[in-house]
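Peer 1: Predicted model, plus sequence, below.
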Amino acid sequence: MFGNLKPQAPDKILALMGEYKADTRQGKIDLGVGVYKDPNGLTPVMRAVKTAEQKIWESQDSKAYTGLAGTQDYRDAMAGLVLGEAPADRLASAATVGGTGAIRQGLELLRMANPDMVVHVSDPTWPNHLSILKFMGQDFVEYPYFDNDTRGVDFEAMLDGIGRAKKGDVVLLHGCCHNPTGANPTAEQWEAIAESLEKTGAVPMIDLAYQGFGDGLDADAAATRMIAARLPEVLIAASCSKNFGIYRERTGILMALGEGGEARDLTQGAMAYLNRQTYSFPPDHGARIVSTILEDADLSANWKAELEEVRQTMLGLRTQLAEELRSLSGSDKFDFIEHHRGMFSRLGATPEQVAKMKADSAIYMVGDSRLNIAGLNRDSVPVLARAIVEAGV
Ligand code: PMP
């Protein structure tokens with residue numbers, strides 16, 4: 001029977017990682033997989049995470065099941081982090097297996113509420129959005145997003161695209177640090193997005209995977225908070241993988257803000273039900289690390305300080321790369337790298353140019369020319385800049 005299975009296309013980014021490992025050239029540069037790396041190329045365990053784990057080890061006296069929606073401590077702490085002042089009467093939430101789990105459970109929840117929905121996703125978007133939607137057999141359409149000339153958001157086209165959503169459809173938005181492009185709407189443009197959603201009656205689903213990686217913890221949540229305050233119904237899928245550096249602990253949360261009252265209780269019940277059907281209780285260790293940090297003023301300050309170092313490191317690399325490219329190319333056409341936010345930038349190179357950079361300079365980036373800024377350090381930035389110009393990007 002297993003012979004009936006069809007071969008699955010390998011994940012392109014994981015395949016690229018394999019190629020990188022096999023490359024024996026000195027000075028090879030990995031700008032592929034979306035994991036933060038410090039200037040030494042390591043993905044460290046954050047200081048506050050280590051301390052929180054120690055505290056948990058010392059004080060935890062049971063590993064019995066928690067609740068189907070995870071612990072209230074974690075859900076409260078995350079509501080505070082993402083929403084600031086969380087409107088408890090409107091909020092239903094459940095811990096999930098990473099941000100990916102939140103996206104999957106969120107889409108399942110929306111489909112239970114409206115089996116006829118169409119999901120609107122940005123073109124491009126994180127490839128897992130598309131693969132989950134396809135796997136679910138869920139109808140979706142793409143709205144224009146990226147302007148390949150300016151490497152910014154093609155906002156007029158985006159607004160026109162999301163304006164086509166019908167009442168009861170879902171518009172999937174990246175709350176900050178758009179993956180894969182790095183291009184994000186301005187605060188004013190976010191207001192226009194909210195106005196469009198109000199007009200059409202489509203429900204926003206916000207994927208927030210990089211809070212704290214762009215302009216700061218609060219700034220990166222500003223669009224999500226504004227939409228949550230303005231729209232009657234909003235779904236948020238947040239991940240702790242990047243900002244707490246706990247990728248493998250699989251820590252995420254699904255939050256739904258609705259009308260409150262009975263609708264809130266129905267939503268909360270549906271979230272617990274969905275968890276039970278999929279994996280029963282969500283993992284606790286990562287969630288407990290997060291709530292331990294956020295509930296402790298000192299640990300929280302320590303975490304925020306380290307996250308800020310991470311953010312500043314990436315911003316510094318963006319500035320350095322843009323400057324190198326300005327002087328090598330004699331033009332400001334690469335300044336978008338400095339304006340992009342988060343871990344990624346889409347360079348706008350052709351697949352041939354991406355292949356040339358790999359062949360000539362051992363620089364590995366995803367075929368759509370998404371590069372992970374955190375894969376760079378002060379020494380490799382000039383190497384990349386030269387390769388970009390030599391490839392004729
Ligand atoms: N959304 C986006 C846009 C992402 O880039 C990621 C991580 N690559 C996620 C969600 C989810 O991450 P995880 O499941 O590892 O928490």
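Peer 2: Good, I have the coordinates.
Peer 1: how about stretch 4-24: buried residues?
Peer 2: 13, 16-17, 20 (16 or more other Cβ atoms under 10 Å). (C-beta placed from N, C-alpha, C; glycine too.)
Peer 1: where's the dip in pLDDT among the residues you listed?
Peer 2: In terms of pLDDT, Ile13 ranks lowest among those, with 86.
Peer 1: so that one is in which element?
Peer 2: Counting by DSSP states H and E, the element that carries Ile13 is helix 12-22.
Peer 1: C-terminal to that helix, which secondary structure element comes first?
Peer 2: By DSSP H and E, the next helix or strand past helix 12-22 is strand 29-30.
Peer 1: hmm, who's touching that following strand?
Peer 2: 17, 20, 41, 361-364, 372, 375-376, 380, 383-384 (Cβ atoms under 8 Å, 6 or more residues apart in numbering).
Peer 1: next one: stretch 272-283
Peer 2: Contacts for stretch 272-283 (Cβ under 8 Å, 6+ apart): 65-70, 94-97, 101, 104-105, 108-109, 112, 249-251.
Peer 1: Could I have the buried ones of those residues as ChimeraX selection syntax?
Peer 2: Selection of buried members from those for ChimeraX, criterion 16+ other Cβ under 10 Å:
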select :66,68,69,70,94,95,96,97,101,104,105,108,109,249,250,251
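Peer 1: Just the contacts of stretch 272-283: which are in helices?
Peer 2: Among those, DSSP state H puts 101, 104-105, 108-109, 112 in helices.
Peer 1: element containing Arg386, please.
Peer 2: Counting by DSSP H and E, Arg386 is found in helix 380-390.
Peer 1: just to revisit the earlier point, what are the contacting residues of the helix holding Ile13?
Peer 2: Contacts of helix 12-22 (Cβ under 8 Å, 6+ apart): 28, 30, 32-34, 127, 364, 366-367.
Peer 1: Need the contacts of strand 29-30 in CSV (columns: distance to Val290).
Peer 2: Shown next, in CSV, are these (distance: Cβ to Cβ, whole Å):
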residue, distance to Val290
Met17, 27
Tyr20, 31
Gly41, 26
Ser361, 39
Ala362, 37
Ile363, 35
Tyr364, 31
Asn372, 24
Gly375, 26
Leu376, 28
Ser380, 32
Val383, 37
Leu384, 34
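Peer 1: Mind giving me the ChimeraX select for those residues, buried ones only?
Peer 2: With 16+ other Cβ under 10 Å as the criterion, this ChimeraX line picks the buried residues out of the contacts of strand 29-30:
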select :17,20,361,362,363,364,372,375,376,380,383,384
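Peer 1: Using a markdown table, lay out the contacts of strand 29-30 together with distance to the ligand.
Peer 2: Output for those, formatted as a markdown table (distance: Cβ to the nearest ligand atom, whole Å):
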| residue | distance to the ligand |
| --- | --- |
| Met17 | 13 |
| Tyr20 | 18 |
| Gly41 | 19 |
| Ser361 | 26 |
| Ala362 | 24 |
| Ile363 | 21 |
| Tyr364 | 17 |
| Asn372 | 11 |
| Gly375 | 14 |
| Leu376 | 18 |
| Ser380 | 22 |
| Val383 | 26 |
| Leu384 | 21 |
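Peer 1: Mind picking the two most distant members of the contacts of strand 29-30?
Peer 2: Met17 and Val383 (19.6 Å; Cβ to Cβ).
Peer 1: Pull the CA coordinates from stretch 141-159 and hand them back as CSV.
Peer 2: What follows is stretch 141-159, C-alpha atoms only, in CSV (Å, rounded to 0.1, in the frame of the first residue of the first chain):
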residue,chain,number,x,y,z
VAL,A,141,-6.1,33.6,-4.7
GLU,A,142,-3.0,35.7,-4.7
TYR,A,143,-3.0,39.5,-4.4
PRO,A,144,-0.2,41.5,-5.9
TYR,A,145,2.3,42.7,-3.3
PHE,A,146,5.9,43.2,-4.5
ASP,A,147,7.1,45.7,-7.0
ASN,A,148,10.1,44.1,-8.7
ASP,A,149,11.4,47.5,-9.9
THR,A,150,11.4,49.4,-6.7
ARG,A,151,11.6,46.3,-4.5
GLY,A,152,9.0,47.9,-2.3
VAL,A,153,5.3,47.1,-1.9
ASP,A,154,3.2,47.8,-5.0
PHE,A,155,0.6,49.3,-2.7
GLU,A,156,-2.0,50.4,-5.3
ALA,A,157,-2.1,46.9,-6.8
MET,A,158,-2.2,45.3,-3.3
LEU,A,159,-5.1,47.4,-2.3
